[in-house]
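Novice: turn this into a model:
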Amino acid sequence: MIDIVEEAPVHTGAREALLDLSFGEARFAKTSERLREGRLPVFAFVALDESGKLVGTVRLWSVADCGGFQSLLLGPLAVDPECRGNKVGDRLMRHALNQAAMHGHGSVILVGDLPYYARFGFAAGLLDDVALPGPVDQDRFLGLEMAAGHLTGLGGLLAAAGSLDPAVSAAPLSNGFSMPKAA
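Specialist: Coordinates of the predicted model:
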């Protein structure tokens with residue numbers, strides 16, 4: 001049995017080890033990392049097996065264009081190789097996207113493989129007017145609208161942003177993290 005729970009500080013070491021195993025040191029050179037480094041995620045979830053071992057992780061980060069229009073950036077998503085094929089990644093994705101929708105976020109973007117992410121509603125071609133702070137393969141730059149037309153408002157270079165909801169950004173999260181206030 002796999003449980004999806006909010007990430008807590010106690011999960012940090014196991015999460016980092018899983019990310020190292022899944023992506024290696026090259027993960028720190030990725031363009032998406034420029035939007036994550038030195039920040040806390042808006043949402044962070046882990047998958048734990050019946051023994052309590054961390055076997056999956058996913059995080060969502062607030063990003064905004066130069067006009068302040070916001071979206072969530074998903075990633076990284078990682079699953080322990082011993083659990084691949086058991087739908088752990090699917091469960092993490094669905095949980096993360098459900099939480100984002102329930103909290104009123106209008107869209108989620110990511111850099112990833114369309115054949116995998118299409119099953120969750122992600123599509124290519126929605127972010128043609130959007131740039132990341134580094135190189136990105138536009139065919140892998142995917143978007144999902146939770147509110148119709150939300151991504152049409154996003155354009156230009158994306159940067160790190162605070163939470164869409166100032167009350168949320170000022171409040172500690174139940175997982176023990178605190179969100180920084182938007183500047």
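Novice: tell me the centre residue of this structure?
Specialist: Nearest residue to the geometric centre of the chain (C-alpha atoms, centre = their mean): residue 74, 2.1 Å.
Novice: now do the contacts for that residue.
Specialist: Counting by C-beta atoms under 8 Å, 6 or more residues apart in numbering, residue 74 touches 58, 59, 60, 61, 96, 108, 109, 110. Every C-beta, even on glycine, is put in place using the N, C-alpha and C of the backbone.
Novice: all helices for this structure, in order.
Specialist: Assigned helices in the chain, in chain order: 12-23, 31-36, 88-102, 114-117, 166-170 (criterion: DSSP state H).
Novice: related to what we said a few turns ago, including pLDDT, distance to residue 130 and neighbour count, could the contacts of residue 74 go into JSON lines?
Specialist: Shown next, in JSON lines, are the contacts of residue 74 (pLDDT from 0 to 100; distance: C-beta to C-beta, whole Å; neighbours: other C-beta atoms under 10 Å):
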{"residue": "58", "pLDDT": "98", "distance to residue 130": "21", "neighbour count": "25"}
{"residue": "59", "pLDDT": "97", "distance to residue 130": "20", "neighbour count": "23"}
{"residue": "60", "pLDDT": "98", "distance to residue 130": "17", "neighbour count": "23"}
{"residue": "61", "pLDDT": "96", "distance to residue 130": "15", "neighbour count": "20"}
{"residue": "96", "pLDDT": "98", "distance to residue 130": "20", "neighbour count": "23"}
{"residue": "108", "pLDDT": "98", "distance to residue 130": "13", "neighbour count": "27"}
{"residue": "109", "pLDDT": "97", "distance to residue 130": "8", "neighbour count": "26"}
{"residue": "110", "pLDDT": "97", "distance to residue 130": "12", "neighbour count": "23"}
